[in-house]
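S.K.: return atomic coordinates for the entry below.
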Amino acid sequence: MLVTLTTDFGTSDGYVGAMKGAILSVAPDVRLVDISHDVPAQDVTAAAFVLRQAIPYFPAGTLHLAVVDPGVGTARRAIAARFALGGGGHTFVGPDNGLLPLVLDGGEPEVAVVLDRPDTWRTPAPSGTFHGRDVFGPVAARLATGTALGAVGSPAGELARLHWPLPHTDRDGIRGMILAVDHYGNCITNVTRETVDRWSDGRPATCYAGSQILRGLAPTYGAVARGEALALFGSDDRLEIAVHGGHAASLLSLHRGDPVTLVFDGAYRAEPHAD
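M.R.: Numbers count the residues shown, from 1 in each chain. The predicted structure is shown next:
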């Protein structure tokens, strides 16, 4: 089975290697694919954003191990759950801290269990600071080799939930915020192409982000001169603030959580469907 790995462990320490070793000790033939180990430390929503960018492109049957766990060693639960995605099932293993429902927009799992069977862990006395190695990794390995969810835990009931902030919309415009800053410095917002199409009524838009006023939406990064700022829809159809050839977040002093506003030009005509 294919197992993806997403953590906030970083790559300068031995934590990723230790977790992989624990997995391979149980399932030496499993195929491991790293999504990211550079999620900001203890940042559950950032981990969910990274997973949302990647999981739609993995085949049905993939198991996703996501360990961003600020509550490690506390009463927070360890869980595994199977969700129906894109016509096929995907299984997720990780802490019950809202990460999985956030990735899946609040979708309900087909099956969810609490990982309360110590015989499926690496050790019945796991470290209070490293459940990725001692609990999540070994359980993921067992599931990857065909062990049923019911054999690694008890029914979980309701999962802990987090929710994405939604943009505010009206006939005049859309008020959103920066959800993430990617490796290139592009500032990715919670404003989707679908929302803009629904409310713009075909009108051009002016984008306000920090001190920047950006007229219209560009089709590509290269549509403006090198060094110029622009607004466009990125590969996941979310509005981005970018600088052609530059790091927008640094150059424009923009940060995650900052507001971004689109104002539509001209008279409103149609009656859109409410979000």
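S.K.: the stretch 151-275 of the chain: helices as residue ranges?
M.R.: Applying DSSP state H, counting those that start in this stretch to the stretch 151-275 of the chain gives helices spanning 193-200, 248-251.
S.K.: mind putting those helices in JSON lines, distance to V67, mean neighbour count and mean pLDDT included?
M.R.: Glycine gets a C-beta too; all of them are placed from N, C-alpha and C. Output for the helices of the stretch 151-275 of the chain, formatted as JSON lines (distance: least, CB to CB, whole Å; neighbours: other CB atoms under 10 Å; pLDDT from 0 to 100):
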{"stretch": "helix 193-200", "distance to V67": "32", "mean neighbour count": "18", "mean pLDDT": "96"}
{"stretch": "helix 248-251", "distance to V67": "26", "mean neighbour count": "18", "mean pLDDT": "97"}
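S.K.: and those helices: which comes nearest G185?
M.R.: helix 248-251 (4.6 Å; CB to CB).
S.K.: for the closest one, name the packing helices and strands.
M.R.: For helix 248-251, the packing partners by 3 or more CB pairs under 8 Å, 6 or more residues apart in numbering; DSSP states H and E come out as strand 238-243.
S.K.: pretty sure G89 sits against V111.
M.R.: No. Taking CB atoms under 8 Å as the definition, G89 is not a contact partner of V111, at 9.2 Å.
S.K.: shared neighbours of these two, which are they?
M.R.: Residues touching both G89 and V111 (CB atoms under 8 Å, 6 or more residues apart in numbering) are R82.
S.K.: re earlier: can you redo the helices of the stretch 151-275 of the chain as CSV with distance to V16?
M.R.: Below are those laid out as CSV (distance: least, CB to CB, whole Å):
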stretch, distance to V16
helix 193-200, 35
helix 248-251, 26
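S.K.: closest one to G10 among the ones you listed?
M.R.: helix 248-251 (20.1 Å).
S.K.: what are the contacting residues of that closest one?
M.R.: Here helix 248-251 makes contact (CB under 8 Å, 6+ apart) with V181, G185, N186, C187, A229, I241, A242, V243, L254, H255.
S.K.: how many other residues sit next to the fourth one?
M.R.: Think C187. Applying other CB atoms under 10 Å, we find 28 residues neighbouring C187.
S.K.: name the nearest residue to it, ignoring sequence neighbours.
M.R.: I241 (4.2 Å; CB to CB, 6 or more residues apart in numbering).
S.K.: list the contacts for the one you found?
M.R.: Going by CB under 8 Å, 6+ apart, I241 touches 178, 186-187, 189, 207, 209, 212, 214, 229-231, 248, 252, 254, 260.
S.K.: same for the helix or strand of the chain with the lowest mean pLDDT, what does it pack against?
M.R.: One helix or strand of the chain scores below all others by mean pLDDT, DSSP states H and E: helix 99-103, with a mean of 90. Applying 3+ CB pairs under 8 Å, 6+ apart, we find helix 99-103 packed against helix 44-54, strand 63-67, strand 78-85, strand 88-95.
S.K.: try it again with 6 Å
M.R.: For helix 99-103, the packing partners by 3 or more CB pairs under 6 Å, 6 or more residues apart in numbering; DSSP states H and E come out as helix 44-54.
S.K.: pull the distance from the helix it packs on to the chain's centre.
M.R.: Chain-centre distance of helix 44-54: 1 Å, with CA atoms, centre = their mean, to the nearest Å.
S.K.: buried residues in it?
M.R.: Within helix 44-54, the residues that count as buried by 16 or more other CB atoms under 10 Å are V44, T45, A46, A47, A48, F49, V50, L51, R52, Q53.
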